[in-house]
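Asker: A predicted structure for the sequence below; I have some questions about it.
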Amino acid sequence: MRERTCALVVVGNEILSGKVQDTNAYFAASELRKAGVALERIAVVPDVLDAIANEVKHCAERFDVVITSGGVGPTHDDVTMEGVARAFGRKLTMDPELTRLIHEHFIDHVNTAAALKMAEVPEGAVLNHAGDRWFPTVQFQNVYILPGIPQIFEAKLLALMSRFAADPYYSHAIYVRANEGAIAHHLNSCLSRFPALLLGSYPKLNNPEYRVKLTLESKDRDYLERAFRDLIELLPKDAVVKTE
């Protein structure tokens, strides 16, 4: 089975200070899961070069794909490109295609010089033109450097998703009216027989229909079905509200 792991590095003082609510992490987690990619780390770092470089280096060495969000604009606090370059011991260089695109799109603006900062990329980077945005996504090795603006981040990530896709996850859900304490030993029993099962237990407060939602996931459909049947047999019959 094709497996692929991923880390997301969210860059921005505005996230850490609560000035902006991050939605990119939730979107990325949801879409990557649909594509069969295991998002195993989400890190939020400030607009500080060493913090970005250290986190990107750490993730690039441990995960198949690294996606960054934010810090790629024309202002003083947009330092993600330099941080990625520092992570790999590379210099920043002006990309000729990005330079052309910036001159083409900012030709009538007084801030063309500032916008040219967005043409700086780590030496050896490549450009990905997937998607409906005029500005390509910069990639250096296994690191994909995306903007933080949610609408642009989402469009670019979706356009790149076919590059990341792995074998899909299969899933079931069980809704129970018992609390977690009453069913914990049944969950443990199921996991003892199916240790590779991805089993989640999520309480729901003040819900008249159910108290806990259980999720079962695996990339092996047969394994999932056997684990699902096993857990259904373990749970008290009157506790199960519905299954999906």
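Answerer: Sure thing, it's come through.
Asker: can I take it that Thr68 is in a helix?
Answerer: No: under DSSP: H, G, I helix; E, B strand; the rest coil, Thr68 falls outside any helix and is assigned strand.
Asker: my guess is it contacts Gln139. True?
Answerer: No: under the criterion of CB atoms under 8 Å, Thr68 makes no contact with Gln139, lying 10.6 Å away. Just so you know, the C-beta spots here come from the backbone N, C-alpha and C atoms, and that holds for glycine as well.
Asker: which strand or helix spans the nearest residue to His105 once chain neighbours are set aside?
Answerer: Nearest in space to His105, with sequence neighbours left out and distances taken as CB to CB, 6 or more residues apart in numbering, is Trp134 at 6.5 Å. Under the criterion DSSP states H and E, no helix or strand holds Trp134.
Asker: quick one on the thing from earlier: now do the shared contacts for Thr68 and Gln139.
Answerer: Shared contacts of Thr68 and Gln139, defined by CB atoms under 8 Å, 6 or more residues apart in numbering, are found at Ile145.
Asker: between those two, who's got more neighbours?
Answerer: Taking neighbours as other CB atoms under 10 Å, Thr68 and Gln139 compare with Thr68 leading, 28 against 18.
Asker: what's near enough to touch that one?
Answerer: If you count contacts by CB under 8 Å, 6+ apart, Thr68 has them with 8-11, 52, 56, 80, 84, 143-146.
Asker: in which helix or strand would I find Asp230?
Answerer: Using DSSP H and E, Asp230 maps to helix 221-234.
Asker: ok, then the element right after the helix or strand of the chain with the lowest mean pLDDT?
Answerer: Comparing helices and strands within the chain by mean pLDDT, DSSP states H and E singles out helix 112-115 as the least confident, with a mean of 76. The element immediately downstream of helix 112-115 (helix or strand, assigned by DSSP H and E) is strand 120-122.
Asker: what's that following strand packed up against?
Answerer: On a contact count with 3 or more CB pairs under 8 Å, 6 or more residues apart in numbering; DSSP states H and E, strand 120-122 meets helix 80-87, strand 92-94, strand 137-140.
Asker: now the residue positioned nearest the centre of the chain. Nearest residue, chain neighbours left out?
Answerer: Centroid-nearest residue in the chain: Ala28, 3.8 Å away (criterion: CA atoms, centre = their mean). Leaving aside its chain neighbours, Ala28 sits nearest to Leu8 (5.3 Å; criterion: CB to CB, 6+ apart).
Asker: helix, strand, or coil at that neighbour?
Answerer: Classification of Leu8 using three-state DSSP returns strand.
Asker: quick revisit: so the residue nearest to the centre of the chain makes contact with Val66?
Answerer: No: Ala28 is beyond contact range of Val66, at 11.5 Å (criterion: CB under 8 Å).
Asker: identify the contacts common to those two.
Answerer: In contact with both Ala28 and Val66: Leu8, using CB under 8 Å, 6+ apart.
Asker: ranges for the strands of this protein?
Answerer: Per DSSP state E, the chain has strands spanning 5-11, 38-45, 65-69, 92-94, 120-122, 126-128, 137-140, 143-146, 170-176, 198-203, 212-218, 240-243. These are given in chain order.
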